[in-house]
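Chemist: Below are the sequence and a predicted model for it; my questions follow.
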Amino acid sequence: MSSLVDDIFMPPLGRLLGRVNFTDFFISLNATHYETLADARKAAAPTINYGQFVNTVINFLIVAFAVYLLVQQVNRWTKKPAPAAAPMTKECPQCAMAIPIKARKCPYCTAQIG
């Protein structure tokens, strides 16, 4: 998944945002200016690497969306339960026996069914 994000999605996103490389965005806490994050790390300077955080959040969102789409497709493949069939019988109001829905007279107690 990281190759999908790093090699497929991030280059067009970087181009769309003006060829921005988020990994080089950082704040040096020792008030010294460094050109790149690698230079700051080489000097063992304390930094806040908010660009890498943004990259990680974007990676997470892309992977989460891909997993969501995968789960949606798998759910389409699963068999859905059949809808409940309409009842075929009803209860006689006089004797409480099950009789066919279309019956007009109970076969058990011969009561007229409305």
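Modeler: Here it is on my side, so go on.
Chemist: any idea which helix or strand comes after the helix or strand containing residue 3?
Modeler: Here residue 3, judged by DSSP states H and E, is contained in helix 2-3. Counting by DSSP H and E, the next helix or strand C-terminal to helix 2-3 is helix 10-16.
Chemist: just checking, what packs against that following helix?
Modeler: The contact analysis (3 or more CB pairs under 8 Å, 6 or more residues apart in numbering; DSSP states H and E) places helix 10-16 against helix 50-77. Quick note: C-beta positions are derived from backbone N, CA and C, even for glycine.
Chemist: do you know how far the residue nearest the centre of the chain is from residue 56?
Modeler: For the chain, the residue nearest the mean C-alpha position is residue 68 (3.5 Å; CA atoms, centre = their mean). Residue 68 sits 18 Å away from residue 56, going by CB to CB, to the nearest Å.
Chemist: Who are the contact partners of residue 98?
Modeler: Residues in contact with residue 98 (CB atoms under 8 Å, 6 or more residues apart in numbering) are 89, 90, 91, 92.
Chemist: Residue ranges in this protein under the pLDDT threshold?
Modeler: Applying pLDDT under 70 to the chain flags the ranges 1, 19.
Chemist: Could you rerun that using 50?
Modeler: Within the chain, no stretch has pLDDT under 50.
Chemist: circling back to that earlier point, next, format the contacts of residue 98 as JSON lines and append neighbour count and secondary structure.
Modeler: Shown next, in JSON lines, are the contacts of residue 98 (neighbours: other CB atoms under 10 Å; DSSP: H, G, I helix; E, B strand; the rest coil):
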{"residue": "89", "neighbour count": "11", "secondary structure": "strand"}
{"residue": "90", "neighbour count": "13", "secondary structure": "strand"}
{"residue": "91", "neighbour count": "11", "secondary structure": "strand"}
{"residue": "92", "neighbour count": "18", "secondary structure": "coil"}
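Chemist: Let me have those in JSON lines, adding distance to residue 29 as columns.
Modeler: Below are the contacts of residue 98 laid out as JSON lines (distance: CB to CB, whole Å):
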{"residue": "89", "distance to residue 29": "79"}
{"residue": "90", "distance to residue 29": "79"}
{"residue": "91", "distance to residue 29": "79"}
{"residue": "92", "distance to residue 29": "85"}
